[in-house]
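Colleague: Curious how this folds, go ahead:
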Amino acid sequence: MEPFIKTVFAGILGTLGMSILMWIITRSGLANADMIRAIGSIFTRSYENAFVPGLIVHFGVGSIIGFFYILLINLLSPQSLISFISTGAMIGLFHGVAFSFLLVVSVAEHHPLEKFREAGFEVAIAHLIGHVVYGLIVGAVAGILQIRLF
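Modeller: Numbers count the residues shown, from 1 in each chain. The predicted model follows:
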């Protein structure tokens with residue numbers, strides 16, 4: 001049970017770090033990277049009521065995805081904290097490239113709110129960086145807490 005709780009914790013911390021970064025990017029005006037409201041508004045079809053559902057879904061999915069990251073990290077068997085962190089970042093980079101491509105090509109095109117239909121290069125790069133941050137944090141937590149799923 002302990003590895004399960006540690007993995008959920010890693011996923012939550014990674015999601016928190018990613019969410020803060022996306023908030024900073026959005027607030028700075030660099031890109032519309034308001035992922036929490038974008039996710040929530042898929043369900044509510046409203047920007048105003050989207051934050052809480054988006055927060056629940058984003059952190060729930062972030063917790064689940066943490067298991068895949070930890071599993072991959074365990075399979076790659078890093079030996080030092082720095083290798084845990086860099087392995088997590090590498091997984092985040094691959095995940096970010098795949099997600100950014102899907103976001104720009106598919107998700108934004110069909111989003112119910114026009115505000116989130118514009119997902120150009122800046123939005124894709126913001127999500128790519130966000131996923132790398134998620135991976136860095138999950139890798140750091142995995143290394144510090146020595147999370148082993150098998």
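Colleague: and the residue nearest the centre of the chain, what pLDDT?
Modeller: Taking Cα atoms, centre = their mean as the criterion, His131 is the residue nearest the geometric centre of the chain, at 4.8 Å. For His131, the pLDDT comes out at 97.
Colleague: separation between it and Phe99?
Modeller: From His131 across to Phe99, the span is 6 Å (Cβ to Cβ, to the nearest Å). Every C-beta, even on glycine, is put in place using the N, C-alpha and C of the backbone.
Colleague: Same check on Ile137?
Modeller: Ile137 sits 16 Å away from Phe99, going by Cβ to Cβ.
Colleague: what do you get for Phe51?
Modeller: Look at Phe51 and Phe99: by Cβ to Cβ, they are 21 Å apart.
Colleague: do Ser19 as well
Modeller: For Ser19, the distance to Phe99 - Cβ to Cβ - is 15 Å.
Colleague: Which one of these two is surrounded by more residues?
Modeller: Taking neighbours as other Cβ atoms under 10 Å, Ser19 and Phe99 compare with Ser19 leading, 22 against 17.
Colleague: In this structure that one contacts His58, no?
Modeller: Yes - if you go by Cβ atoms under 8 Å, Ser19 and His58 touch, sitting 6.7 Å apart.
Colleague: residues in contact with Ile39?
Modeller: 50, 53-54, 57-58 (Cβ atoms under 8 Å, 6 or more residues apart in numbering).
Colleague: tell me the phi and psi of Arg148?
Modeller: Arg148 has phi and psi values of phi -130, psi 120 when expressed as degrees, to the nearest 10.
Colleague: ditto for Gln146
Modeller: Per-residue torsions, Gln146: phi 50, psi 60 (degrees, to the nearest 10).
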